[in-house]
Structures are given as C-alpha cells and as structure tokens.
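Student: how would this look folded up:
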Amino acid sequence: MKKCISRLFSASIAILVASSSIISAYACTGVIIGGDLTEDGSTIFGRTEDLEVNHNKVYKVHQAGEHKAGETIKDVSVDPD
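Tutor: Predicted coordinates for the structure are as follows:
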C-alpha cells in the first residue's frame, strides 16, 4: 500500500512539473530589412500581430526624402475615426 501511494505521489508530481512547463507564446515579431539588402535599395518593415484577428493596424506611408544619418521616425498608434 505504501509503495502504491509513493508511486501515485511521484506520478502526480511528474504530471504537475510537465504541465507547468507548457507555456504559450504570445508575442509579435518585427522584421526590418535594410536598403543594402534589397535589389532596389528600399527598406522593408514587417510585423506579425499575435493579439487577435480583429486588431487591425493603420499605416501612413510618407514619400521618400533626404534624411540625416541617425535620424529616426517615431511610430505612433493612430485611431482612424
């Protein structure tokens, strides 16, 4: 009887440890491809959206221009309504 309880306890602990290590990954992935890696010199930006299927993004595209070295563009969320 004692051996059976010991095995049951060990199996329960093993199942608990195994199930607690299962973690779902909910993360977005961003990709930036620099102009030195594309044939026409364009920069490509991409991103996966893992939040939900109805969480759409609105992007504003600006015409190309001259930019100083190190200049950055601020990414701002905009409500289209």
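Student: any idea whether V31 is helix, strand or coil?
Tutor: strand (DSSP: H, G, I helix; E, B strand; the rest coil).
Student: let me see the contact set for the closest residue to it other than its chain neighbours.
Tutor: Counting by CB to CB, 6 or more residues apart in numbering, G46 is the residue found nearest to V31 once chain neighbours are left out, at 4.4 Å. (Each C-beta comes from the backbone N, C-alpha and C, glycine too.) Counting by CB atoms under 8 Å, 6 or more residues apart in numbering, G46 touches 30-32.
Student: can you map out the strands along this protein?
Tutor: In the chain, the segments counted as strands under DSSP state E are 30-33, 44-47.
Student: dump the first one to PDB, restricted to CA.
Tutor: Spelled out, that is strand 30-33. C-alpha atoms of strand 30-33 as PDB (Å, rounded to 0.1, in the frame of the first residue of the first chain):
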ATOM      1  CA  GLY A  30       9.100  42.700 -36.100                       C
ATOM      2  CA  VAL A  31      11.300  42.500 -39.200                       C
ATOM      3  CA  ILE A  32      13.300  45.300 -40.800                       C
ATOM      4  CA  ILE A  33      15.300  44.700 -44.000                       C
END
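Student: who does that strand pair up with?
Tutor: Strand pairing for strand 30-33, using DSSP bridges, gives strand 44-47 (antiparallel).
Student: output the below-cut-off pLDDT ranges for the protein.
Tutor: For the chain, the stretches with pLDDT under 70 are 20-27, 50-60, 75-81.
Student: related to what we said a few turns ago, tabulate the strands of the chain in a markdown table, adding columns for distance to K3.
Tutor: Putting those into a markdown table (distance: least, CB to CB, whole Å) gives the following:
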| stretch | distance to K3 |
| --- | --- |
| strand 30-33 | 55 |
| strand 44-47 | 56 |
